[in-house]
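Undergrad: Fold the following for me, if possible:
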Amino acid sequence: MTKQSFDPRTPVIVGAAAVTQRVAETGGGHDALELMVQAVRDACDDAGRPDLAGDFDLVAVPRGTWSYRNAAYSVRHQLGTVGATRDYEVGLLQTGILNEVAAEIAAGDLDTAVVVGGEAKFRDLQAAKAGIEVRVTPDGDAPEPADLRTPTGIIVHPVEIEQRFIVPVQQYATIESAARFAAGHSFEAHNDLVARQAAAFAEIAASNPAAWHRDPRSADQIATPSADNKPLAFPYNKWHSTQWNVDQSAALILCSLAKAQALGLDDSGWVFPLVGADSDHAVPLMQRSSLVEAPAIGVAAAEVLAHASAGIDDVAHRELYSCFPVAVAAQARELQIDAHDATVTGGMTFAGGPFNNFVLQAMVKMVETLRESPENLGFNTAVSGMLTKGGCTLFGSSPGDQPFRHIDVTGQVAQRQPALPVTSDSDGRFRVLGYTVTYDDPDDRLKPTTVLAVGETPAGERTLRKASNDEAALFATQNELCGAESTDIGDVSSYAFP
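TA: Got it, this is the predicted structure:
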């Protein structure tokens, strides 16, 4: 069966490109908007039509760390196209953006669209360190976004905000401690397992030309704190963690099959989104019945694979969202796959994790991967928040047996993950469910200073405790606190261990 015999509304990716900028001179290089425009132009070239931007019905952009007034409009203006624009706020899944656009194409609401995002944080950070003011593309004349998609639910609880427990590395490190305890691992065994997973990703990044860091790192290098590998939140060091100070952009051009054929595009590199599923259910970390599960990924993946009449073993290429090791491990458990076999890019630590844009980078790499092995399927996931929301998209080199479908699994995930009650009371006995230690001494970045713990009171309420105490912080890096009961997290004598 040829591609011409399929449903003319079938969505297809006809062009994809990722840009990694290496600034040769501090203060030079392109800003994020220019990198996005470059990615779109490269994607048009990839499709075989440098003028393809003139046919866009929609330019869709996920918001980044930049302060452009209306990035989608400004990208459209730079490209000289006249289609509609849409901006997606932080907190919406990046899989959801592509899934939504593909569904609109399948429904006949769009014929051609581009999804593009980008960051220039490395350029900007280096210039700031040198005291150099960088040029930024002006967009003050851009109107307010006409179509702005915003998330629902809250990512962090007011108690977490009050205790300043809002930094992603701290919350993910807390999840990691709970995963270590649930597995019954010692510090040494678990740290080795996590470091070996990260080292496997570094090895893959070394062979990815678009990766930000391509130097292999051993498990021992990753696990050992040093001046080059500063501890961020116990047990995570720099090389466990996403690296978002990067200059990267990515663009994917989608068409209906009929439009792609009408434009006379070469079909040899086409890749098809087959089905996607996303959850917008949000429960802050301290309210979850399990700190270590990723139910949104499990539910979304089950729906996607069922729609495609496939099993996860039928999917040769996988890219799980990889902001921190426990995020990969939690998703891998839901999918019942090996966490080492979960990336084609090298992950957000080594391939680069541009804020709110990594999934687009990973999808471009997935398109390239499927072009090289067209007989296989590809699977990308996205996570928003602290393993809060989750979604996925399945890709193939030919259309599926079923029309593309975007499945909302929010209700199913909500049934699996209720929100537990919280108390803001910082006194009384509680049991530690997960914890981390931070390193806040500006004169000694290797010194543990503060303990943060998510716990449960005898009444079944969730609580968050914090203590800035050097003795307690050091103790927590040497002794497993998960499962212990305490009345004062800053007093090591108050702990009762199981």
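Undergrad: how far away is the residue lying closest to residue 376 once chain neighbours are set aside from residue 341?
TA: Nearest residue to residue 376, sequence neighbours excluded (C-beta to C-beta, 6 or more residues apart in numbering): residue 316, at 3.8 Å. The C-beta positions use only the backbone N, C-alpha and C, and glycine is treated the same way. For residue 316, the distance to residue 341 equals 10 Å [C-beta to C-beta, to the nearest Å].
Undergrad: coming back round to it: phi, psi of the residue nearest to residue 376?
TA: Here is the backbone geometry of residue 316 (degrees, to the nearest 10): phi -80, psi -30.
Undergrad: Extract the residue ranges of the stretch 1-150 of the chain that are flagged as low pLDDT.
TA: Along the stretch 1-150 of the chain, segments meeting pLDDT under 70 span 1-4.
Undergrad: Now do the strands in it.
TA: 11-20, 58-62, 84-88, 112-120, 148-149 (DSSP state E, counting those that start in this stretch).
Undergrad: do the same with the stretch 351-498 of the chain
TA: Using DSSP E, counting those that start in this stretch, strands in the stretch 351-498 of the chain cover 377-384, 389-396, 406-408, 430-438, 450-456, 462-468, 485-486.
Undergrad: Not counting its neighbours along the chain, what's nearest residue 297?
TA: Nearest residue to residue 297 in three dimensions, chain neighbours excluded: residue 390, at 4.2 Å (C-beta to C-beta, 6+ apart).
Undergrad: Now do the one you found: how many residues are near it, please.
TA: 32 (other C-beta atoms under 10 Å).
Undergrad: So which of residue 316 and residue 341 has more stuff around it?
TA: The neighbour count for residue 316 versus residue 341, taken as other C-beta under 10 Å, is higher for residue 316 (15 against 12).
Undergrad: Verify the stated contact: the more buried one with residue 374.
TA: No. Using C-beta atoms under 8 Å, residue 316 is not in contact with residue 374, being 11.0 Å away.
Undergrad: Which positions in the helix or strand that contains residue 302 come out as buried?
TA: For residue 302, the host element (DSSP states H and E) is helix 295-307. For helix 295-307, burial by neighbour count (16 or more other C-beta atoms under 10 Å) applies to 295-305, 307.
Undergrad: Contacts for it, please.
TA: The contact list for helix 295-307, computed with C-beta atoms under 8 Å, 6 or more residues apart in numbering, reads 274-279, 281, 311-312, 315, 330-331, 334-335, 379, 381, 383, 388-394, 402, 405, 407, 409, 412-413, 416-417.
Undergrad: Filter the residues you listed down to the buried ones and hand me the PyMOL line.
TA: Those of the contacts of helix 295-307 that count as buried under 16+ other C-beta under 10 Å are selected in PyMOL with:
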select buried, resi 274+275+276+277+278+279+281+312+315+330+331+334+335+379+381+383+388+389+390+391+392+393+394+405+407+409+412+413+416+417
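Undergrad: for residue 148, what are its contacts?
TA: Applying C-beta under 8 Å, 6+ apart, the residues contacting residue 148 are 86-89.
Undergrad: and the gap between it and residue 67?
TA: Residue 148 is 15 Å from residue 67, where distance means C-beta to C-beta.
Undergrad: do residue 17 as well
TA: 25 Å.
Undergrad: So which of these two has more stuff around it?
TA: residue 17 (24 against 9).
Undergrad: Find the residue closest to residue 42 in space, skipping its chain neighbours.
TA: residue 17 (3.5 Å).
Undergrad: before we move on, what about residue 341?
TA: residue 318 (6.8 Å).
Undergrad: what about residue 184, how many residues close to it?
TA: Number of residues near residue 184 (other C-beta under 10 Å) recorded here: 8.
Undergrad: So what's the predicted local confidence for it?
TA: Residue 184 is assigned 97 on the pLDDT scale.
Undergrad: Against residue 172, how distant is it?
TA: From residue 184 to residue 172 the distance is 20 Å (C-beta to C-beta).
Undergrad: now residue 190
TA: Remark: distance between residue 190 and residue 172 (C-beta to C-beta) = 14 Å.
Undergrad: cool, and residue 220?
TA: With distances taken as C-beta to C-beta, residue 220 is found 22 Å from residue 172.
Undergrad: Compare these two and say which is more crowded by neighbours.
TA: Taking other C-beta under 10 Å, residue 220 and residue 172 do not tie; residue 172 has more neighbours (25 against 11).
Undergrad: Report the secondary structure element holding that one.
TA: Going by DSSP H and E, residue 172 is part of helix 168-183.
Undergrad: ok, back up a step: between the contacts of residue 148, which sits nearest residue 257?
TA: The nearest member of those to residue 257, counting by C-beta to C-beta, is residue 86 at 22.3 Å.
Undergrad: List the residues that contact residue 357.
TA: 62, 64, 94, 117-119, 248-250.
Undergrad: shouldn't the residue nearest to residue 341 be in contact with residue 339?
TA: No. Using C-beta under 8 Å, residue 318 makes no contact with residue 339, being 10.3 Å away.
Undergrad: Which residue ranges make up each domain of the protein?
TA: Per automatic domain parsing, the structural domains of the chain span 3-154+244-416, 430-494.
Undergrad: quick one, which of the ones you listed is nearest to residue 179?
TA: domain 3-154+244-416 (4.6 Å).
Undergrad: any idea how far that closest one is from the chain center?
TA: How far domain 3-154+244-416 lies from its chain's middle: 10 Å, per C-alpha atoms, centre = their mean, to the nearest Å.
Undergrad: Going forward, the N-terminal residue is numbered 798.
TA: OK, 798 is where the count begins now, so the last one is domain 800-951+1041-1213.
Undergrad: Spatially nearest residue to residue 1030, not counting backbone neighbours?
TA: That would be residue 970: by C-beta to C-beta, 6+ apart, it lies 3.9 Å from residue 1030.
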